[in-house]
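Engineer: Fold the stuff below for me.
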Amino acid sequence: MTSFNKKFFKFLSIFTVLIYGVYGINSYAENAIERDAREYSLSVTEAIQDIKEDVQETKQKNKQRKIQTQNIHLANTRELKCLADNIYYEAGNQSSKGKLAVAAVTINRVNSPKFPKSVCSVVYQRTSRVCQFSWVCEGNKRVRSAQQYAESKRIAEKVLFSGANQGILSRNVLFYHADYVNPRWKLNRAAKIGTHIFYYG
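Structural biologist: Numbers count the residues shown, from 1 in each chain. Prediction:
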């Protein structure tokens, strides 16, 4: 074989190796790009799915929060009316201190393990023979003085939402009766406010 042929075949071999090398690099690069593109596509899809789930979770939480807020508002509205009614029908014609004292006993009962856990349940608690508050057993009641009821409601709001009854009576004062009756309770007397005499429970 001539020197020229040897050089030619050597050049051809090197060229072939280079061609395959370049093809291999290109093929590897294409595979790498395709793989990265798939991974990126999956990452984007997962990210979008995560965003969708987060949005859905946020919507659900907002919905639950709205329902809870509505329930709290409704509960507070009912509790406020029950307390205002009790103040009005028990001490509507008395001073603000007399009204606050009735409210204090009502709230003290709510906080006591001896009584129900809501204002309305405490106010309307009754047995087959007796109501805890006499006006409840008297049937349908109606407001005769809008001014007295407005004051009773204002006091009920203060008591429910800011604890304004603190200091009127201690927390363990749970009973009272009008000063013109004598139920002969064997309880320790706490105070006389307005036309009511209050007792420790």
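
Engineer: surely Val119 meets Ala103?
Structural biologist: No. Counting by C-beta atoms under 8 Å, Val119 sits too far from Ala103 to count as a contact (9.5 Å). C-beta: built from backbone N, CA, C; applies to glycine.

Engineer: Name the residues contacting each of these two.
Structural biologist: Any residue near both Val119 and Ala103 by C-beta atoms under 8 Å, 6 or more residues apart in numbering counts here, and that gives 83, 86.

Engineer: shaky segments in this protein?
Structural biologist: 1-13, 15-30, 32-33, 36-37, 39-44, 46-47, 50, 58-75, 164-166 (pLDDT under 70).

Engineer: the strands in it, which residues?
Structural biologist: Using DSSP state E, the strands assigned to the chain run over residues 173-178, 189-193, 196-200.

Engineer: Excluding sequence neighbours, find me the nearest residue to Lys117.
Structural biologist: For Lys117, the nearest residue in space outside its immediate sequence neighbours is Val110; the separation is 6.3 Å by C-beta to C-beta, 6 or more residues apart in numbering.

Engineer: swap in Glu157?
Structural biologist: Leu80 (6.4 Å).

Engineer: Let me see the contact set for that neighbour.
Structural biologist: Neighbour list for Leu80: 153, 156-157, 160 [criterion: C-beta under 8 Å, 6+ apart].

Engineer: Glu90 contacts Phe133, correct?
Structural biologist: Yes. Contact between Glu90 and Phe133 holds when scored by C-beta under 8 Å: they sit 6.1 Å apart.

Engineer: Between these two, point out the one with more neighbours.
Structural biologist: More neighbours sit around Glu90 than around the other of Glu90 and Phe133, counting by other C-beta atoms under 10 Å; the figures are 25 against 20.

Engineer: so who does the nearest residue to the more buried one once chain neighbours are set aside touch?
Structural biologist: Among residues not flanking Glu90 along the chain, Val102 sits closest, at 4.7 Å (C-beta to C-beta, 6+ apart). For Val102, the set of contacting residues under the criterion of C-beta under 8 Å, 6+ apart consists of 86-87, 90-91, 176, 196.
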